[in-house]
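K.L.:
sharing a sequence plus its predicted fold:
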Amino acid sequence: MEPDAPQVACFEAGIKFGSLYHQFAGTPVAPRSIDSLERAMAEAIENQPYCVEVSVDIIEERVRDAIAHDEGYTELTGSLMEVEMTVDYEGIEVRTEMAMADGYPRMRVVSVER
């Protein structure tokens with residue numbers, strides 16, 4: 001194992017979060033499309049190197065509250081979802097999450113383990 005494997009593993013997790021957030025932010029979402037969008041997001045990010053698992057939970061109540069017009073949908077933002085992700089780089093497992101904190105979708109490292 002290389003000496004900075006934990007830092008590289010954390011960096012890889014950050015790359016995956018950046019990709020997930022910026023690739024899908026602004027996507028139209030409605031209550032009826034939540035399940036398929038969650039799966040598409042998770043599967044897209046799981047394709048990336050070192051990504052072991054991704055769980056995307058778009059909160060239906062938040063989506064319904066964000067719909068402010070007759071079209072029946074809103075744009076996906078970080079405030080509408082919670083994400084958990086696991087990256088494994090050279091035996092270093094990094095667990096991360098994104099959840100709302102103080103009105104902001106906060107992405108953070110939950111644990112780093114060998």
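P.N.:
The structure has been received and is ready for your questions. Quantities reported herein were computed from a predicted structural model and do not represent experimental measurements. Numbers count the residues shown, from 1 in each chain.

K.L.:
in the protein, where's the longest helix?
P.N.:
helix 5-24 (DSSP state H).

K.L.:
could you say which helix or strand holds the most far-flung residue of the chain relative to its centre?
P.N.:
No residue in the chain sits farther from the centre than residue 70, which is 28.2 Å out by Cα atoms, centre = their mean. For residue 70, there is no host helix or strand (DSSP states H and E).

K.L.:
how near is it to residue 86?
P.N.:
Look at residue 70 and residue 86: by Cβ to Cβ, to the nearest Å, they are 40 Å apart. C-betas here are computed from N, CA, C, even on glycine.

K.L.:
residue 45 belongs to a strand?
P.N.:
No - going by DSSP: H, G, I helix; E, B strand; the rest coil, the assignment for residue 45 is helix, not a strand.

K.L.:
okay, now it: neighbour count?
P.N.:
Close neighbours of residue 45, defined as other Cβ atoms under 10 Å, add up to 21.

K.L.:
surely it and residue 53 touch.
P.N.:
No - between residue 45 and residue 53 there is no contact under Cβ atoms under 8 Å: 9.7 Å.

K.L.:
which residues do the two both contact?
P.N.:
Counting by Cβ atoms under 8 Å, 6 or more residues apart in numbering, the shared contacts of residue 45 and residue 53 are residue 85.

K.L.:
now the helices for the protein?
P.N.:
Remark: helices assigned in the chain by DSSP H are 5-24, 34-46, 60-66.

K.L.:
and the longest one, how far out from the chain's middle?
P.N.:
It refers to helix 5-24. Relative to the mean C-alpha coordinate of its chain, helix 5-24 is positioned 10 Å out (Cα atoms, centre = their mean, to the nearest Å).

K.L.:
what do you get for the last one?
P.N.:
Mean-position distance between helix 60-66 and its chain equals 18 Å (Cα atoms, centre = their mean).
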